[in-house]
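> below: sequence and its predicted model.
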Amino acid sequence: MHNNNKIILIEVGPRDGFQLESKIIPTCLKQEIINKLADSGISQIQAASFVNPGLVPQMADSGEVIKGLNSKKGVLYTGLALNTKGVSRACEAGLDCVEVSISASNTHSLKNSGMTREKALEQGREMVNTALKLKIKVIASVQCSFGCVYEGDIPVSQVLSAARVFSCAGISRLSLADTTGMANPQSVKKIINILQTEIKDIPLGLHLHDTRGLGLVNLMAGMECGVRYFDTAFGGMGGCPFVKGAAGNIATEDTAYLLESLGISTGINIEKVAECSRQMSDFLGRKLPGRLYRQDCRNLG
């Protein structure tokens, strides 16, 4: 493995997880959960998305959520945007970093953003420019990097074209998203190795969904290629509103435990994250996909 003594887990549950829930989560509960996650030792939290509230009602209060978060040294709050209006809203809410996201799949792009892949890529460049003009950092992500339920395999050239556009625009990190959970270790290594050859100066991250139970295996494959940034969601929450049957992200607690068991320090208090998962499970009235939160994690880290 390459330089994996420090792995960064980016908590995306408050965005990727909450957005799917039909039961509206009160703003104060969102803020409480996010503040607790910040207290657990997680250094980056994607707290909200700035998207059309008509399509994603759960995110209608994103600006209000951000304004009620505790400022904590060493914790970076981010928000997701799919268009330039969303970038501006994220800045108005007071965020220092925004994630702009487009899809490598034309069909998914149309369902997710109402734009063709080419149009979304063009707007992706505009989103980065808008963010940089507003003096906020930008993370870019490419959805469906490892396949699409509508189109099947996605040509690597389509992922690479998006990566090139973003890398030339001035982003801080590029994340490859397995939106539909179709990745396997072989495809993860293949695409990462190609991108590392082409995009040399920008850190890569992985956003892995556990739809087919390969999330943590794919994380290991990414680590073997030197990837240090991984999106996770407390309790394994998450999915995509525009992908039927999409499962949640790899669970923050489960991932942290795996890494700690390998001697890789995450700086995360697993029990504190598990408390958030139990609280959300109780509120929603169902079990979350994650495993460790259901156990006594006090002796795990």
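Cool, got the structure.
> can you count the residues close to Arg228?
Per other CB atoms under 10 Å, the neighbour tally for Arg228 reads 18. Where C-beta positions appear, they are placed from N, C-alpha and C, glycine not excepted.
> surely Lys72 touches Ala38?
Yes. Here Lys72 reaches Ala38: they are 4.9 Å apart, a contact under CB atoms under 8 Å.
> neighbour count winner among those two?
Using other CB under 10 Å as the criterion, Lys72 and Ala38 rank with Ala38 on top: 23 against 13.
> does that one belong to a helix, a strand or coil?
Per DSSP: H, G, I helix; E, B strand; the rest coil, the local secondary structure of Ala38 is helix.
> how about it, what does it touch?
If you count contacts by CB atoms under 8 Å, 6 or more residues apart in numbering, Ala38 has them with 45, 69-70, 72, 75.
> just the buried ones from those residues, in PyMOL syntax?
Here is the PyMOL command that selects the buried residues among the contacts of Ala38 (16 or more other CB atoms under 10 Å):
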select buried, resi 45+69+75
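> Met280: which of the contacts of Ala38 is nearest?
Compare each of those with Met280 using CB to CB and the shortest gap goes to Ile45, at 14.5 Å.
> for the closest one, give the beta-bridge partners.
When assigned by DSSP bridges, Ile45 has beta-bridge partners Glu11, Tyr77.
> can you list the low-confidence ranges for the stretch 101-250 of the chain?
Within the stretch 101-250 of the chain, the ranges that satisfy pLDDT under 70 run 239-247.
> quick one, longest helix in this protein?
Assignment by DSSP state H gives helix 117-133 as the longest helix of the chain.
> inside helices: which ones of the contacts of Ala38?
Using DSSP H, no member of the contacts of Ala38 sits in helices.
> now, among the contacts of Ala38, which is nearest to Arg278?
Within the contacts of Ala38, proximity to Arg278 (CB to CB) peaks at Ile45, which comes in at 18.4 Å.
> need the contact list for that closest one.
Residues near Ile45 by CB under 8 Å, 6+ apart: 10-12, 14, 34, 37-38, 75-78.
> repeat that with 7 Å
11, 14, 34, 37-38, 75, 77 (CB atoms under 7 Å, 6 or more residues apart in numbering).
> measure it to Ile24 for me?
From Ile45 across to Ile24, the span is 21 Å (CB to CB, to the nearest Å).
> likewise for Asn129?
Distance from Asn129 to Ile24, by CB to CB: 34 Å.
> between these two, which is the more surrounded one?
More crowded of Asn129 and Ile24, by other CB under 10 Å: Asn129, with 15 against 12.
> count the residues that sit near the residue lying closest to Ser187 once chain neighbours are set aside.
Leaving aside its sequence neighbours, Ser187 sits nearest to Phe146 (CB to CB, 6 or more residues apart in numbering; 5.3 Å). If you count neighbours by other CB under 10 Å, Phe146 ends up with 28.
> just confirm Phe146 contacts Gly181, I think it does.
No. Using CB atoms under 7 Å, Phe146 makes no contact with Gly181, being 8.5 Å away.
> torsion angles phi and psi at Gln143?
phi -70, psi 160 (degrees, to the nearest 10).
> what's near enough to touch it?
Counting by CB under 7 Å, 6+ apart, Gln143 makes contact with 101-104, 108, 112, 177, 179.
> quick one, what contacts Pro14?
Residues near Pro14 by CB under 7 Å, 6+ apart: 30, 33-34, 45-48.
> now do the same for it: its pLDDT.
Per-residue pLDDT puts Pro14 at 97.
> any idea how far Gly147 is from it?
The gap separating Pro14 from Gly147 is 26 Å, by CB to CB.
> mind putting the contacts of Ile45 into CSV with distance to Leu55?
Converted to CSV, those look like this (distance: CB to CB, whole Å):
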residue, distance to Leu55
Glu11, 23
Pro14, 18
Ile34, 22
Leu37, 25
Ala38, 28
Val75, 29
Tyr77, 23
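> excluding chain neighbours, what is closest to Ser113?
Spatial nearest neighbour of Ser113, excluding adjacent residues (CB to CB, 6+ apart): Leu82 at 5.0 Å.
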